[in-house]
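**Q** Predicted model and sequence below, questions to follow.
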Amino acid sequence: MEAIVIEKIILITVILLLSLVIAMYMTLAERKFAGFLQDRLGPNRTGPFGILQPLADGVKLFTKEEIIPANANKMLFILGPSLAMFTACIGSAVIPWGHDLVIGGRTIPLQVADINVGVLYIFGVVSLGVYGVMIGGWASNNKYSLLGAIRAASQNISYEIAMGLSIIALLMVTGTLSMRGIAVGQAGNLYGWGPSGMAWNVFYQPLGFLIYLICMFAEANRTPFDLPECESELVAGYHTEHSSMKLGFYLFAEYINMFIASAVVATLYFGGYNFPGQDAIVGSVSPFLYTLIGVAALFLKISFFLFFFIWIRWTIPRFRYDQLMKLGWNILIPLSIANIVITGIVMFMAGKV
Amino acid sequence: MESLSNRKKVLEQKPMTFMERMYLPAIFQGLSITIKHFFRKKPTIQYPEQKREFSQNFRGIHSLKRDEDGRERCTACGLCALSCPAEAITMTAAERKPGEEGLYREEKYAAVYEINMLRCIFCGFCEEACPKEAIYLDGDIAPANFERDTFIYGKDRLLEPIHNKVQNS
């Protein structure tokens, strides 16, 4: 009983630190890649390749003056960014990070909590995330912040429906709601041939993946769906009045959300920690190394999606608000319902039901 | 109605095809364009370490020239100050004493010669006005500073260093 508590605490600490460090360096990567995509070099003055830039930004944010507007609701004003940060951090609890780790005869699952409704947990946490934005925006007693908060709320509600419906089709294929179960289910080979570890759900659910991907961008408030913080219309949206580290928390929460969203999409659709040809080497390498390769494979997929977030951001301009709503309600929801029907028919024809 | 010039063209807006309405092909096209820029060579010049070459007729900070014997060419005639549209140049003339022939070429020289780099517009009129070929704008860009006083360049900073040849002899 003692050992399991200790190993869980270590695992939670490592994951939390990892997501914080990744979020920290995502701010640099974002600016660096933005530079590259626009034929610039990006920040390169702080240390080699600018790797100390996140530290400099952090110091800057911490030492800035903290302003709470006179007519703001002080408690909620502080609660907003805290809630955004909190919900961003707890999402990582159900993600399986790798095969079971075996150290000294003990089997340690690389997952904080293998709950049997892991996907629903993720959904719950993601929809809680909008409260941080809403409360912070409303509490600052500013028209633009309120508009940004309202936009965030309506956008998240609209896209959550399509996201949930696209996941239903996935669940029909996998037959489980547990994140671990979904990851294990992708360990086989694709359509009965090829190397093992390639039975990724994206090949069984291409349309569902596309819908999920679009909704993922909307849920993370990233371009082309970053209407809650669009500076040309709303100054800075919900965090207009927030200064110093409260603003830093909002920005940080966005990057942690991106990391978690990438991890979720990699687990749900891209095989998680499974890598091609894993059955061939399972006996020949040590179990520790085998687990390590799995974790590396997962992080490779995550970093691809993180890059994809940035790539999309500097390619596609922001949607207009009516276009956003039209895309969500008129296109994505009917499409995901059609996807469920098609999945059902195909599964019935293939004799999987 | 017939248009006067007969050059009017009616723009026909065709309804978008299904592929265009799907929006995704356009997104992939855009992504491929941006990723091409990702790997492209960056035209940035990293300024303090790496400098762009000045053009032939670039006008930078002034320098007061010496002749081939290392004597100051300037004779403090004041034509540069007169021609200066920004009134950036001031000078005080002094008479050359016996024994100073190695320092100043003419009998009269500038004891104080100051250019205010905040006033100067680097037009090069002083260079053109000078009858003695004593001033040239062949230096670098005037560096930034925090104090206004430091932008007034005296002879200590304007005067060309004495040639090595002269120092040796």
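**A** In hand now; what should we look at? Residues are numbered from 1 along each chain as shown, chains lettered A, B, ... in the order given.
**Q** Contact partners for the residue of the stretch 251-353 of chain A found nearest chain B?
**A** Across the stretch 251-353 of chain A, no residue is closer to chain B than A:T315, which sits at 4.6 Å (CB to the nearest CB). For every residue, glycine as well, the C-beta is placed using N, CA and C. A:T315 makes contacts with A:37, B:27, B:30-31, B:33-34, as judged by CB atoms under 8 Å, 6 or more residues apart in numbering or on different chains.
**Q** That one should be in a helix, yeah?
**A** No: going by DSSP: H, G, I helix; E, B strand; the rest coil, the assignment for A:T315 is coil, not a helix.
**Q** quick one: it and B:A111, what's the gap?
**A** 65 Å (CB to CB, to the nearest Å).
**Q** same thing with A:M347?
**A** 99 Å.
**Q** tell me, how many neighbours does A:E241 end up with?
**A** Using other CB atoms under 10 Å in any protein chain shown, A:E241 has 22 neighbouring residues.
**Q** Near the residue nearest to A:N189 when sequence neighbours are not counted, how many residues? Count them for me, please.
**A** If the residues on either side of it in the chain are set aside, A:N189 comes closest to A:S196, at 5.0 Å by CB to CB, 6 or more residues apart in numbering or on different chains. Counted with other CB under 10 Å, residues neighbouring A:S196 total 18.
**Q** again with B:A88
**A** 23.
**Q** and if you look at A:F309?
**A** Neighbour tally, A:F309, other CB under 10 Å: 23.
**Q** Could you tell me whether B:T90 really is in a strand?
**A** Yes: looking at B:T90 with three-state DSSP, it is inside a strand.
**Q** Would you confirm that it contacts B:A81?
**A** Yes: the pair B:T90 and B:A81 passes the contact test of CB atoms under 8 Å, sitting 6.5 Å apart.
**Q** list the buried ones in the helix ranked longest in chain B?
**A** With secondary structure taken from DSSP state H, chain B has its longest helix at helix B:24-39. For helix B:24-39, the neighbour count (16 or more other CB atoms under 10 Å in any protein chain shown) marks B:30-31, B:34 as buried.
**Q** Find the helix or strand that A:L177 is a member of.
**A** Using DSSP states H and E, A:L177 sits within no helix or strand.
**Q** And the pLDDT at it?
**A** We have a pLDDT of 87 for A:L177.
**Q** count of neighbours near it?
**A** 16.
**Q** shouldn't it be in contact with A:Y121?
**A** No: counting by CB under 8 Å, A:L177 stays clear of A:Y121, with 9.1 Å between them.
**Q** Show the contacting residues for the nearest residue to A:V133 once chain neighbours are set aside.
**A** Spatial nearest neighbour of A:V133, excluding adjacent residues (CB to CB, 6+ apart): A:A152 at 4.4 Å. Contacts for A:A152 (CB under 8 Å, 6+ apart) come out as A:130, A:133-134, A:137, A:221, A:227-228, A:237-238.
**Q** B:K36 and A:T315, how far apart?
**A** In this view, B:K36 and A:T315 are 11 Å apart by CB to CB.
**Q** Ok, B:E101 next?
**A** Taken as CB to CB, the span from B:E101 to A:T315 is 73 Å.
**Q** same check, this time on A:A253
**A** Distance from A:A253 to A:T315, by CB to CB: 24 Å.
**Q** do B:Y104 as well
**A** 67 Å.
**Q** now A:D322
**A** From A:D322 to A:T315 the distance is 22 Å (CB to CB).
**Q** coming back round to it: which two in the contacts of A:T315 are spaced the farthest apart?
**A** A:L37 and B:I27 (14.8 Å; CB to CB).
**Q** Isn't A:N201 up against A:T174?
**A** Yes: shown here, A:N201 and A:T174 form a contact pair, counting by CB under 8 Å, at 6.9 Å.
**Q** Could you check which of those two has the larger neighbour count?
**A** A direct count of neighbours by other CB under 10 Å for A:N201 and A:T174 places A:N201 higher, at 23 against 20.
**Q** and that one, what does it touch?
**A** Here A:N201 is in contact with A:170, A:173-174, A:182, A:186, A:208-209, A:268-271 (CB under 8 Å, 6+ apart).
**Q** Which one of those residues is nearest to A:I90?
**A** A:L268 (18.2 Å).
**Q** Correct me if wrong: that closest one contacts A:L171.
**A** No: counting by CB under 8 Å, A:L268 stays clear of A:L171, with 9.8 Å between them.
**Q** so what sits against both of the two?
**A** A:V119.
**Q** Just want to know which of the two has more residues nearby.
**A** Per other CB under 10 Å, whichever of A:L268 and A:L171 has more neighbours is A:L268, with 29 against 16.
**Q** Then the more buried one would be within a helix, right?
**A** Yes: assessed with three-state DSSP, A:L268 lies in a helix.
**Q** Could you pull up the residues touching it?
**A** By CB under 8 Å, 6+ apart, A:L268 lies in contact with A:119, A:167, A:170, A:179, A:182, A:201, A:212.
**Q** again, only this time at 7 Å
**A** A:170, A:182, A:201 (CB atoms under 7 Å, 6 or more residues apart in numbering or on different chains).
**Q** For A:D322, see how far away the last one is.
**A** Between A:N201 and A:D322 the distance is 33 Å, computed by CB to CB.
**Q** Please apply the same query to B:A129.
**A** Taking CB to CB, one finds B:A129 at 66 Å from A:D322.
**Q** And A:D39, by the same measure?
**A** On the measure of CB to CB, A:D39 and A:D322 end up 33 Å apart.
**Q** Compute the number of surrounding residues for residue 100.
**A** Picked chain A for this. As a burial measure, A:D100 scores 16 neighbours (other CB under 10 Å).
**Q** wait, I meant chain B there
**A** Neighbours around B:E100, by other CB under 10 Å: 13.
**Q** Repeat that for A:I9.
**A** 11.
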